[in-house]
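> Need coordinates for the below:
(one chain, ligands or ions: 1)
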Amino acid sequence: MNRELFSEKLKKINIELNSDIEEKLEKYYELLVSWNNKINLTSITEKEDVYLKHFYDSVTLSKAIDLNKELTLCDIGTGAGFPGLVLKIFFPNLRITLVDALEKRVVFLKEVIKELDLKNIEVIHDRAELFSKNHREEFDVVTSRAVAKLNILNELCIPLVKVNGYFIPMKATVEEELELSKNSLNLLNSKIEEVISFKLPIENSVRNLVKIKKISKTSTKYPRNFDKIKKNPL
Ligand code: SAH
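Residues are numbered from 1 along each chain as shown. Here you go, the predicted model:
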C-alpha cells in the first residue's frame, strides 16, 4: 500500500501517522531489506507488502487493547521485530521487551533500535521456555505472532503475564486452535475475554486477536520442560 492508503487505513483504526513515525518506518524498511540479503529475516520484501503485512498488521494489536498507556509489553518470537518493534515506533510510551531464540535476528533488532534511537526497548536472546521461567508475572501485556499453536503458546506466554494482564496472540486462522487450547487456559487460570476478527485491508486475509485475561497466578509447574510440552501439549 502506498503512503496515502497506509495513512488512511491507519486512521480507520484510530492511529495517526506523523513524520517521525514515517521516517522511522522508512529507515526500518531499508535496514530490513539490506540485512535480509545476508540473514534470513522475512520472505516479504516488496515495500508495499512490508507496509501492509508487517507494519500495518503489527499495529492492529491496538484493536484489542489501549496502547497509549505506559504498559510493559513482551513480544515472544519477535523475529525481525513483528509486532513489538513496530509497536514501539507507533507507541513510544510502551516499555517493550523483544525475545527471540535466533541470535542473528537479535543482532539485527539491536541495530535497528540503535539507528532509530529508540528508548525503553530491550532485546533478549533466549528461548521462550527459559525466559518465561525467569520472568514470571512481569508484563502487563504479552503478544506473539506466527510462532506456535495456541495451546503451546499459552503455556509459554501466560506465566509472563501479570495477574489481570493480557496475553494477546495474533493469529490467522484460529478456530481449531481455540478448541484445542481450552484445557491449557483452565490450567493456567486464564480465560478468553474476546476474539477480535477482521480482515487485512487490500488482500483481505483473515486475522484474529485472541484476548486472554490472566485471572490468577500461574502454578510454578508451568511451563513444563519443552520436550514434554511438544509431546503432550496442555
Ligand atoms: N513474530 C515474527 C516472527 C515469526 S517467525 C513475525 O510474525 O514475523 C518465528 C520466530 O520465533 C523466529 O524468529 C524464531 O527464531 C522464534 N522462535 C521460535 N521458537 C522460539 C522459542 N521457543 N523461543 C523464542 N523464540 C522462538
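> Please identify the residues of this protein in proximity to the ligand?
77-79, 82, 99-102, 105, 127-129, 145-147 (C-beta under 6 Å from any ligand atom). C-beta coordinates here come from the backbone N, C-alpha and C atoms, glycine included.
> tell me the two of those that are most distant?
F82 and E129 (20.9 Å; C-beta to C-beta).
> In terms of neighbours, single out the busier of these two.
In this view F82 and E129 are compared by other C-beta atoms under 10 Å, and F82 has more residues nearby, 24 against 17.
> In which helix or strand does that one reside?
When elements are assigned from DSSP states H and E, F82 belongs to no helix and no strand.
> where do the helices sit along the protein?
Under the criterion DSSP state H, helices of the chain are mapped to 3-12, 19-36, 47-49, 57-59, 84-90, 103-115, 128-134, 150-157, 175-180, 182-187, 226-231.
> lowest-confidence stretch among the ones you listed?
Mean pLDDT values for those show the minimum at helix 226-231, a mean of 85.
> Just the buried residues out of the residues of the chain next to the ligand, in PyMOL syntax.
Applying 16 or more other C-beta atoms under 10 Å to the residues of the chain next to the ligand, the buried members can be selected in PyMOL as follows:
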select buried, resi 77+78+79+82+99+100+101+105+127+128+129+145+147
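> Please list the members of the residues of the chain next to the ligand that lie in strands.
Secondary structure assignment by DSSP state E places V99, D100, R145 of those in strands.
> Out of those residues, which is nearest to the ligand?
The closest of these to the ligand turns out to be R145 (C-beta to the nearest ligand atom; 3.6 Å).
> would JSON lines of the ones in strands among the residues of the chain next to the ligand with distance to K214 and pLDDT be doable?
JSON lines is the format used below for these (distance: C-beta to C-beta, whole Å; pLDDT from 0 to 100):
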{"residue": "V99", "distance to K214": "18", "pLDDT": "98"}
{"residue": "D100", "distance to K214": "23", "pLDDT": "98"}
{"residue": "R145", "distance to K214": "19", "pLDDT": "98"}
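> Looking at these, which one is closest to I44?
R145 (13.1 Å).
> Just give the closest residue to E22, not the sequence neighbours.
Excluding the flanking residues, the one nearest E22 by C-beta to C-beta, 6 or more residues apart in numbering is R3, at 7.6 Å.
> burial of the one you found, as a residue count?
When neighbours are defined as other C-beta under 10 Å, R3 has 12 of them.
> try the one 10 residues further on
Using other C-beta under 10 Å, I13 is surrounded by 13 other residues.
> who's in contact with it?
Listed by C-beta atoms under 8 Å, 6 or more residues apart in numbering, the contact set of I13 reads V59, T60, S62, K63.
> Repeat the analysis, applying 10 Å as the threshold.
Y56, V59, T60, S62, K63, F198, P201 (C-beta atoms under 10 Å, 6 or more residues apart in numbering).
> ok, now which ones touch the fifth one?
Contact criterion C-beta under 10 Å, 6+ apart gives I13, N14, I168, I196, S197, F198, R207, L209, K211 as the residues in contact with K63.
> how far away is it from the ligand?
17 Å (C-beta to the nearest ligand atom, to the nearest Å).
> for the first one, same thing?
When C-beta to the nearest ligand atom is applied, the distance between Y56 and the ligand equals 13 Å.
> Go ahead and confirm that residue touches K11.
No. Using C-beta atoms under 10 Å, Y56 is not in contact with K11; the gap is 11.8 Å.
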